[in-house]
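Undergrad: Below: sequence and its predicted model.
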Amino acid sequence: MGVNSLQVQIQTQARMYYQKAIQSIAAKHGGVDHIPPEIMEKVKQSSVAQATQNLQNSFAQRRAQAQMMQQQAQHQAQQQQQQQQQLQLQMQQQQMQQQQMQGMNGMMGHQGM
């Protein structure tokens, strides 16, 4: 995401928070026109801060999910590698057993003569 895209997201969310807060405050002050400018400015700043924090939290959550998925993929790859090693070991053992059996059969064949 580009910087402009992030700014747009923050501004969009900040507007939502601002409008919601102003509606609530306007009800207490008897209308938007009666809200003191310093309160309007505080609401504006707090809305931007809240929107920024939400975006940062969202990024942190995505990073954590990506790390978790990467760890799961690594774990699966390790498991597959272990399974392949076990299969190779089993095949080697079977080959050795077959060779031993063939060797014993060869010895038995010589005894019969």
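TA: It's in.

Undergrad: Buried residues in stretch 13-20, which are they?
TA: Residues of stretch 13-20 classed as buried: 13-14, 17-18 (neighbour count, 16 or more other C-beta atoms under 10 Å). (Glycine included, C-beta is placed from N, CA and C.)

Undergrad: roughly how far is that stretch from the heart of the chain?
TA: Distance, stretch centre to chain centre, for stretch 13-20: 28 Å (C-alpha atoms, centre = their mean, to the nearest Å).

Undergrad: Kindly report the same for stretch 27-39.
TA: On C-alpha atoms, centre = their mean, the centre of stretch 27-39 falls 43 Å from the chain's centre.

Undergrad: Restricting to C-alpha, output that stretch in CSV.
TA: Extracted in CSV, the C-alpha atoms of stretch 27-39 (Å, rounded to 0.1, in the frame of the first residue of the first chain):
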residue,chain,number,x,y,z
ALA,A,27,-26.8,16.4,21.5
LYS,A,28,-25.2,17.5,24.8
HIS,A,29,-24.5,21.1,23.7
GLY,A,30,-27.8,21.7,21.9
GLY,A,31,-26.5,21.4,18.3
VAL,A,32,-23.3,21.4,16.3
ASP,A,33,-23.2,25.2,16.2
HIS,A,34,-22.9,25.4,20.0
ILE,A,35,-19.9,23.1,20.3
PRO,A,36,-16.8,25.2,21.4
PRO,A,37,-14.0,25.2,18.8
GLU,A,38,-11.5,23.7,21.2
ILE,A,39,-13.7,20.7,21.7
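
Undergrad: who touches it?
TA: Under the criterion C-beta atoms under 8 Å, 6 or more residues apart in numbering, residues 22, 25-26 lie in contact with stretch 27-39.

Undergrad: Looking at the residues you listed, which are in strands?
TA: Among these, no residue falls in strands (DSSP state E).

Undergrad: Pull up the per-residue confidence for the residue most central in space within the chain.
TA: Geometric centre of the chain, nearest residue: Gln65, 1.3 Å, by C-alpha atoms, centre = their mean. pLDDT, Gln65: 97.

Undergrad: Distance-wise, check it relative to Gln9.
TA: Distance from Gln65 to Gln9, counting by C-beta to C-beta, to the nearest Å: 19 Å.
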